[in-house]
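Visitor: no FASTA, just this:
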């Protein structure tokens, strides 16, 4: 089992001052947040990406450059993989009405982070738990 799945944190969101619904506090992992279940872990990714969108990080390329900086990631490979697995062009501008595309992007990000395809039921449950991005 991957660390992201063990923590119910498929995006490997690092511990920070931000607190998400369903977060286990304190985390038993010294670096990454833990969630009560995978749906809450996916919800945290959707909420974070909505915050990114509001700050102008509204394409896969902009999202991944922030999410997975080159200091510790192969960022360009990450972008290529998310584009390929989501089917969403890396420079397509996302809006608050891009729910279907965000679902595909989050599933692809989880696959990059964990090395296995995301369980779409968990991704969809996480999407349903947040109300910021619309279909």
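Guide: Looks like it came in fine. As the structure is a prediction and not an experimental result, all values here were calculated from the model.
Visitor: drop to CA atoms for contacts and neighbour counts, all remaining ones
Guide: Will do.
Visitor: find the centremost residue of this protein, please.
Guide: The residue lying closest to the centre of the chain (C-alpha atoms, centre = their mean) is residue 45, at 3.6 Å.
Visitor: can you name every helix or strand that the helix or strand containing it contacts?
Guide: With the criterion set as DSSP states H and E, the secondary-structure element containing residue 45 is helix 38-54. Using 3 or more C-alpha pairs under 8 Å, 6 or more residues apart in numbering; DSSP states H and E as the contact criterion, the neighbours of helix 38-54 among helices and strands are helix 99-114, helix 120-129.
Visitor: which stretch among those helices comes nearest residue 29?
Guide: helix 99-114 (16.1 Å; C-alpha to C-alpha).
Visitor: contacts for that closest one, please.
Guide: By C-alpha atoms under 8 Å, 6 or more residues apart in numbering, the list of residues contacting helix 99-114 from outside reads 2-5, 10-12, 42, 45-46, 60, 78, 81-83, 85-88, 94, 116-120, 123-124, 127, 133-135.
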